[in-house]
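S.K.: turn this into a structure:
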Amino acid sequence: WELDPHKISDERIADRLDRTDVDDLRASIEATGQTVPILVRRHPSKADHFLLVYGRRRLEAVRRSDTVQTIKALVANLDSDHAIEAQISENMARRDLSYIEKALFAHELIEGGFGNQTRVAEVLTVTKSSISMALGIIAGIGTDLVRAIGPAHPIGRPRWDALAQAVEASHHS
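M.R.: This next block holds a predicted model:
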């Protein structure tokens with residue numbers, strides 16, 4: 001389908017901390033066209049409107065374009081849980097989400113009522129203990145500070161864990 005990008009809403013759980021990084025993608029789509037369609041589902045209450053399942057950066061790039069007016073999309077018949085599962089599958093296939101973005105995403109899934117640690121671990125294809133550690137780090141640092149720091153791509157779990165312990169220790173002193 002060729003859809004109007006302004007009739008697509010993104011009400012999903014945020015999975016990236018830097019939501020503005022689309023200028024290169026916009027330039028690429030303007031130069032060579034959109035190669036991979038986004039996935040949407042029909043809006044439950046607004047006719048001719050859609051909800052984004054995945055492809056947020058492509059959608060944002062087309063919205064910002066002066067030359068590209070429509071976006072290529074697959075329209076899926078999904079309820080909200082299946083839409084989240086599709087978003088998760090697509091995200092986990094990408095290698096560029098940082099450790100803390102994945103941890104925050106797991107936290108948001110649980111807080112948003114998607115499921116418990118076991119279910120989230122299952123759909124993210126990680127161990128329950130890695131979800132538990134990630135949630136502990138998010139709880140120790142706090143979501144506001146994590147968002148303020150940003151994706152921190154080269155930083156893995158040990159350094160985030162050390163920061164969480166330092167933040168917790170500063171609260172007790």
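S.K.: next, Ala134: secondary structure please.
M.R.: helix (DSSP: H, G, I helix; E, B strand; the rest coil).
S.K.: which of the helices or strands spans the closest residue to it other than its chain neighbours?
M.R.: Nearest non-adjacent residue to Ala134, counting by CB to CB, 6 or more residues apart in numbering: Ala103, 3.6 Å away. Where you see a C-beta, it was placed from the backbone N, CA and C, and this is true even at glycine. In this structure, Ala103 is located in helix 99-111 according to DSSP states H and E.
S.K.: do the same with Val40
M.R.: Counting by DSSP H and E, Val40 is part of strand 38-42.
S.K.: where along this structure do the helices fall?
M.R.: Along the chain, counting by DSSP state H, helices occupy 23-32, 56-64, 80-93, 99-111, 117-124, 128-141, 143-149, 157-172.
S.K.: between the ones you listed, which gets nearest to Leu39?
M.R.: Smallest distance to Leu39 across these (CB to CB): 6.3 Å, for helix 80-93.
S.K.: now His153, nearest residue through space, not along the chain?
M.R.: Once flanking residues are discounted, His153 sits nearest to Ser98: 4.7 Å by CB to CB, 6+ apart.
S.K.: my guess is the one you found contacts Ile155. True?
M.R.: Yes. The pair Ser98 / Ile155 is scored as a contact, 7.1 Å apart, by CB atoms under 8 Å.
S.K.: all set now, cheers.
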